[in-house]
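Chemist: I would like the atomic coordinates for the input below:
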Amino acid sequence: MPSEKRLHPFSILFALLAQAKNFLLPGIVVLFTAQRSEWGWETWAMLGFVPVALASTLNYLSFRYRYDATEMVIRSGLVFRNERHVPYARIQNVDAVQNVLHRLLGVAEVRVETGGGSEPEAVLRVLPLAAYEEMRRRVFGEGASHAPGAPTADAPAAPGECIVLRLDARELALYGIIENRGIVVVGAFFGVLWELGLLDRISDAVFGEGLSAQGVIRDLIKAALGLGSVPVAKIALSLAAFAAFVVAMRLLSMAWAALRLHGFTLSVAGEELRTRFGLLTRVSATIPRRRIQTVTVRQGPLHRLFERASVRVDTAGGGSVEGQSETQREWLAPLVPAAAVPGLLREVVPELELEGAAWQPAAAGAFRREFKGSLIMVALICLGLARMLGPWVLLLFALLAPWAFLHARLYVRHLGHAVTENAVMFRSGWLWRQLSVARFAKIQAVTQVESPFDRRAGMAGIHVDTAGAGEASHRVHIPYLHLAQARALFRQLSERAAGTVFRW
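Modeler: Residues are numbered from 1 along each chain as shown. Coordinates of the predicted model:
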């Protein structure tokens with residue numbers, strides 16, 4: 001039997017540090033902020049760190065893994081023992097994550113994902129970097145990169161590894177502007193100020209008393225009713241505050257992108273796709289090209305303004321608990337020039353061809369159905385606000401009804417699907433446009449869907465599902481097809497999928 005391997009001894013340290021955030025840090029806050037007479041269970045809860053430390057030590061002592069000919073075997077537990085057999089052919093991704101302490105100690109947290117669920121099949125905290133490279137070679141075969149060393153974002157390409165995308169500082173800044181992740185930081189900051197009751201005090205100190213969104217709106221309503229003058233100064237200050245808020249969000253988002261995606265590279269080494277990125281926490285993700293389920297290209301309004309796009313791939317088991325994998329793997333290409341997308345897709349999956357595809361539009365009655373649905377939604381919104389707005393709700397309906405018409409017209413105009421020699425493609429959206437490609441070899445199921453409204457209009461929809469389609473994925477769900485067209489497409493996709501050998 002092959003010899004079993006242990007985790008690195010530093011695993012105990014990282015387990016303790018992870019639990020310290022849950023026990024020690026809140027406890028320290030309580031110790032320094034609470035009066036002695038107010039000490040309660042929050043303070044004594046810090047004692048729970050003791051059994052947690054003991055459990056972390058026992059977990060390290062009991063954790064073993066080994067490599068058999070066709071599978072990886074993982075054993076853990078002293079009292080309740082658990083043994084998992086993970087075939088190499090089922091492993092979709094092997095990712096390594098390194099924060100600053102990981103890099104100082106020469107170790108990494110390794111996550112092994114399969115198609116068996118939304119959580120990683122195994123999280124190994126922590127492994128030496130040489131053990132991580134050995135795992136990649138064992139799982140993905142001898143064609144995997146043999147280059148030793150840390151999976152750093154700024155590491156040079158290994159022999160036989162071709163870098164197909166690298167994001168420089170300008171592209172990262174542009175990505176931060178487009179994605180606007182700074183709103184999360186600003187929102188959290190304002191939430192803390194709100195909870196502490198400091199938001200109004202700061203606003204009054206900076207802009208003067210009475211300057212708030214409610215106050216400005218109230219003064220505008222009074223001016224409209226002839227009960228007061230237009231608060232020009234307050235409006236100017238409000239606009240200035242809003243502009244400063246927008247600029248702050250964009251700057252924070254640019255800083256987030258610079259920290260998160262520093263040195264982002266996408267490379268191809270044989271049958272592997274490898275992404276490396278991160279300044280403080282560095283991530284190295286490995287995805288075999290043959291295990292890609294779907295490819296999605298996204299363009300929002302700012303993407304189109306700067307002639308950029310984002311590309312992601314879905315693999316079976318690509319999600320993880322609380323969205324961790326989404327955060328760590330990010331997009332396969334967070335930002336790429338729109339003109340370079342077809343070439344990038346050929347590098348990722350050589351048989352994909354976007355150029356020359358024969359796109360088929362939605363059925364002739366699609367606009368009417370989409371507009372009716374949007375108009376009903378607008379009516380329901382106005383009905384819910386009728387009590388609060390009174391007669392003004394008619395003005396709201398008059399403003400939203402043209403938007404419903406415009407949405408329906410543009411949505412249907414950009415709706416379409418195409419079938420190529422190796423894949424089916426689906427595009428949708430007009431403000432945020434997305435295009436997804438599913439290869440026939442990765443199709444799990446093809447479904448013809450007919451709602452009561454579809455049957456009344458002589459229409460149907462086609463749903464193409466793959467193993468990598470998550471709840472947030474842009475799935476290949478094609479609506480508003482003529483019934484005869486839907487039946488023909490259903491037969492075509494079913495036969496092509498059934499005639500293709502499925503491989504993970």
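Chemist: what does the domain assignment say about this structure?
Modeler: 1-62, 175-260, 290-362+414-498, 366-413 (automatic domain parsing).
Chemist: Please work out the average pLDDT along the last one.
Modeler: Summarised as a single mean, pLDDT over domain 366-413 is 92.
Chemist: Can you give me the end-to-end span of that domain?
Modeler: Counting by C-alpha to C-alpha, to the nearest Å, you get 10 Å between the two ends of domain 366-413.
Chemist: With the third one instead?
Modeler: For domain 290-362+414-498, the first-to-last residue distance is 18 Å (C-alpha to C-alpha).
Chemist: Repeat that for the second one.
Modeler: The first residue of domain 175-260 is 11 Å away from its last residue (C-alpha to C-alpha).
Chemist: ok, which stretches of the stretch 301-450 of the chain are helices?
Modeler: All helices of the stretch 301-450 of the chain, identified by DSSP state H, counting those that start in this stretch, fall at 301-305, 324-329, 341-348, 366-389, 392-413.
Chemist: looking at those helices, which is closest to residue 446?
Modeler: Taking C-beta to C-beta, helix 366-389 is the member of those nearest to residue 446, at 20.9 Å. Placement of C-beta: from N, CA and C, glycine included.
Chemist: Can you name every helix or strand that the closest one contacts?
Modeler: Where contact means 3 or more C-beta pairs under 8 Å, 6 or more residues apart in numbering; DSSP states H and E, helix 366-389 is packed against helix 392-413, strand 476-482.
Chemist: got these as TSV, with distance to residue 63 columns?
Modeler: Listed next are the helices and strands packed on helix 366-389 as TSV, based on distance: least, C-beta to C-beta, whole Å:
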stretch	distance to residue 63
helix 392-413	51
strand 476-482	40
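Chemist: For the ones you listed, could you give me JSON lines that also reports mean neighbour count?
Modeler: Listed next are the helices and strands packed on helix 366-389 as JSON lines, based on neighbours: other C-beta atoms under 10 Å:
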{"stretch": "helix 392-413", "mean neighbour count": "15"}
{"stretch": "strand 476-482", "mean neighbour count": "22"}
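Chemist: now stretch 382-393, how far from the chain's geometric center?
Modeler: In this view, stretch 382-393 has its centroid 37 Å away from the chain centroid, taken as C-alpha atoms, centre = their mean, to the nearest Å.
Chemist: now swap in stretch 361-370 and tell me
Modeler: Using C-alpha atoms, centre = their mean, the offset of stretch 361-370 from its chain centre is 31 Å.
Chemist: If you count neighbours, what's buried in that stretch?
Modeler: 362-363, 366-367, 369-370 (16 or more other C-beta atoms under 10 Å).
Chemist: Need the residues that contact it.
Modeler: 407-409, 411-412, 415-416, 453, 457, 459, 479-482, 485 (C-beta atoms under 8 Å, 6 or more residues apart in numbering).
Chemist: at 6 Å instead, please
Modeler: 408, 411-412, 415-416, 457, 459, 480-482 (C-beta atoms under 6 Å, 6 or more residues apart in numbering).
Chemist: After the longest helix seen in the chain, which helix or strand is next?
Modeler: Criterion DSSP state H: the longest helix present in the chain is helix 232-260. Per DSSP states H and E, the first helix or strand lying C-terminal to helix 232-260 is strand 265-269.
Chemist: Which neighbouring elements make contact with that next one?
Modeler: strand 161-166, strand 272-277 (3 or more C-beta pairs under 6 Å, 6 or more residues apart in numbering; DSSP states H and E).
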